[in-house]
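> Model the following, please.
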Amino acid sequence: MSSTQVEVIENHRENAEVYTDPLICMQKCLQLLDEINLPRGIFPLEDIVEAGRNHETGFIWLKQKKETDHYFKKIKRTVTYAVEVTSFVEDRRLKNITGVKTKELSFTVNVSDIWIKDPKSNKITFAIPSGIKRTFPVSAFEEEEIKKRK
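Numbering: from 1, shown residues only. Below is the predicted model of the structure:
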């Protein structure tokens with residue numbers, strides 16, 4: 001991350017709600033996903049130690065104890081979540097995401113945006129900064145994915 005990106009992120013932390021109790025962090029994460037109409041399994045993070053949200057700017061962040069890899073069986077993809085994941089949220093959308101990577105062919109790429117354009121389609125789209133995108137069934141990211149890990 002460039003120093004400019006770090007500065008922009010730090011500015012969005014001002015006036016944010018911040019939680020450090022692991023149980024409350026997980027509750028806030030799930031509550032946020034419900035609120036913005038994205039599947040609860042999109043962030044299968046473990047050991048969340050900090051969660052924050054700036055309601056004015058839509059900026060959120062989640063910090064976990066260590067980087068985690070999660071294999072989504074239904075789409076046959078492993079996604080890596082950094083110690084800190086950040087994003088701006090809107091209804092059915094996460095944009096300008098940092099801290100989320102996946103492998104395409106033999107390359108590791110950053111995921112920059114996630115959205116559900118039409119809820120009736122039951123499809124969720126993931127994009128990388130170059131504009132390349134992939135669409136998958138929403139069911140691949142349902143909460144059951146989280147429960148299977150425990």
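
> check contacts around the residue lying farthest from the centre of the chain.
The outermost residue of the chain relative to its centre, with distances by Cα atoms, centre = their mean, is S106 at 22.3 Å. Contact analysis of S106 by Cβ atoms under 8 Å, 6 or more residues apart in numbering lists nothing. To be clear about C-beta, it is placed using only N, CA and C from the backbone, and glycine gets the same treatment.

> what sits against the closest residue to E90 other than its chain neighbours?
With Cβ to Cβ, 6 or more residues apart in numbering as the criterion, E90 has its nearest non-adjacent residue at 6.3 Å, and that residue is G58. Listed by Cβ under 8 Å, 6+ apart, the contact partners of G58 are 88-90.

> okay if I get the residues you listed as a markdown table plus secondary structure?
Formatted as a markdown table, the contacts of G58 follow (DSSP: H, G, I helix; E, B strand; the rest coil):
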| residue | secondary structure |
| --- | --- |
| F88 | strand |
| V89 | strand |
| E90 | strand |
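
> Separate out the buried members of these.
88-89 (16 or more other Cβ atoms under 10 Å).

> Okay, helices next: where are they in the chain?
Per DSSP state H, the chain carries helices over the ranges 3-13, 22-35, 144-149.

> Now the weakest link among those helices, please, by mean pLDDT.
Among the helices of the chain, helix 144-149 has the lowest mean pLDDT, at a mean of 49.
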